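S.K.: I'll drop the sequence and a predicted model, then ask my questions.
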Amino acid sequence: MSFLQVQGLGKRYGDAVALEDVDLSVHAGSRTAIVGRSGSGKTTLLRIVAGFESADSGRILLDGRPLVDGAGIVPAHRRGIGYVPQDGALFPHLSIADNIGFGLERGDAGRRSRILELLDAVELDPQMLERRPHELSGGQQQRVALARALARKPALMLLDEPFSALDTGLRDSLRRTVARVLCEAGIATILVTHDQAEALSFADQVAVMREGRLTQVGSPQELYRRPRDRETAAFLGDAIILPADVENGWASCSLGRLPVTAGPRRGTGEIMLRPEQLRLVVDDRDIPPNAGESAAESWGRVIDVEFGGSVCKVAVALGNVPGQRNPLLLRHSSLDLPRIGSRVRIHVEGEAHLFDTPLR
Ligand SMILES: Nc1ncnc2c1ncn2[C@@H]1O[C@H](COP(=O)(O)OP(=O)(O)OP(=O)(O)O)[C@@H](O)[C@H]1O
């Protein structure tokens, strides 16, 4: 059974719809990421679950207990929910020890040892305990914010873009620490983020939010490989989208004849491939004029190369589609980058994905 259930949640600010009929289930001890563009309603959803905002309609149940049900609301401090905002929001006048121990009883004999235990869990040095927040780096402050939110052993942790102000290396390491700490404590977590790579690597359930609605919810693999539509596909990573004629589980497109996950559907529509499904073979020597007619292989000419370190981007104009306006953008190793103007083979691996949109 779901640990957190959000049912038909709605919220307006004046005429602006922030949330519309949002349903979400989160299992005990699991990690959910909510992704979506700026203004799509992610923070509003988190703040209503935390109890900092009220909903106009809908219900929220935590472990079977109603938190929001019509006019009835459990106040934020009675929900047993931890919340870490983007900037950590530490108390600037309190020491690190008192920030972490803020929610713990002052006279409690175990208070000091609990603070030390939390400091250790978030991998901070005990020498920092008497410092003030401004004497810590941004990443260290976010670790303190997490330790403070963990102090009262919440049943659910809400993280609102807690890594977004940090640079990439620090962000990755802090994300791994946070995931480990929450997993060890068995705390169900919802992370809000703009960053698709962060969502896909952190969560075991990803929910995509658009204009106040959850448009698709599923495992990271399912959403990445089987997005419902173009916009979700592009939001979760680079996508190669091509018109195709679909019949009997095969798609005929500018890259040849590809197997497609279409079930019994047939007609003309759009298929999607992820760039890692396309392998570019540099081969100037002997490409016969009818190359590209075989299944899952095509050929083209390199029109641009963008050096990007470990992964580079190669723009290829397909040879068998003279009128094609947009070149394909393929990923390639920096070790054997093709020259601009050279001819290449493109080999497609795995199945193409057909969007849910109706076929013509
Ligand atoms: N207090 C408020 N008063 C009026 N409108 C608000 C308020 N809070 C949010 N909104 C509006 O509600 C919509 C959703 O905002 P929300 O902050 O939830 O989006 P978000 O997806 O978290 O965006 P971001 O990623 O930029 O933080 C936006 O159109 C926003 O302008």
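M.R.: That came in fine, so what should we check first?
S.K.: Any idea how many residues pack against Val181?
M.R.: Using other C-beta atoms under 10 Å, Val181 is surrounded by 20 other residues. From N, CA and C alone the C-beta is placed, and that goes for glycine too.
S.K.: Not counting residues beside it along the chain, what's closest to it?
M.R.: Ala121 (5.1 Å; C-beta to C-beta, 6 or more residues apart in numbering).
S.K.: Please verify my assumption that the one you found contacts Ala147.
M.R.: Yes - taking C-beta atoms under 8 Å as the contact criterion, Ala121 and Ala147 are neighbours in contact, 6.9 Å apart.
S.K.: Next up, the contacts around the residue nearest to Val181.
M.R.: Ala147, Leu150, Val181, Glu184 (C-beta atoms under 8 Å, 6 or more residues apart in numbering).
S.K.: Throw those residues into a markdown table and include secondary structure, pLDDT and distance to the ligand, thanks.
M.R.: Below are these laid out as a markdown table (DSSP: H, G, I helix; E, B strand; the rest coil; pLDDT from 0 to 100; distance: C-beta to the nearest ligand atom, whole Å):
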| residue | secondary structure | pLDDT | distance to the ligand |
| --- | --- | --- | --- |
| Ala147 | helix | 89 | 24 |
| Leu150 | helix | 87 | 23 |
| Val181 | helix | 84 | 24 |
| Glu184 | helix | 86 | 28 |
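S.K.: Just the buried residues out of those residues, in PyMOL syntax.
M.R.: Buried residues among the contacts of Ala121 (16 or more other C-beta atoms under 10 Å), as a PyMOL selection:
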select buried, resi 147+150+181
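S.K.: Next to the ligand, which bits of this protein? Give me the list.
M.R.: Tyr13, Ala16, Ala18, Gly36, Ser38, Gly39, Ser40, Gly41, Lys42, Thr43, Thr44, His194 (C-beta under 6 Å from any ligand atom).
S.K.: Could you verify my assumption that Ile303 touches Leu329?
M.R.: No - Ile303 is beyond contact range of Leu329, at 10.5 Å (criterion: C-beta under 8 Å).
S.K.: between the two, what contacts are shared?
M.R.: Common neighbours of Ile303 and Leu329 (C-beta under 8 Å, 6+ apart) are Ala315.
S.K.: follow-up on the earlier one: cross the residues of the chain next to the ligand against strands and list the overlap.
M.R.: Tyr13, Ala16, Ala18, Gly36 (DSSP state E).
S.K.: now the residues you listed: which count as buried?
M.R.: Ala18, Gly36.
S.K.: quick one: low-confidence ranges for this protein?
M.R.: Applying pLDDT under 70 to the chain flags residues 1, 70-72, 283-297, 320-325.
S.K.: give me the number of residues near the residue nearest to Asp245 when sequence neighbours are not counted?
M.R.: Closest residue in space to Asp245, ignoring its immediate chain neighbours: Ser252 at 4.7 Å, by C-beta to C-beta, 6+ apart. Ser252: 17 surrounding residues under other C-beta under 10 Å.
S.K.: Pretty sure Phe307 sits against Leu337.
M.R.: Yes - the pair Phe307 and Leu337 qualifies as a contact (C-beta under 8 Å) at a distance of 7.3 Å.
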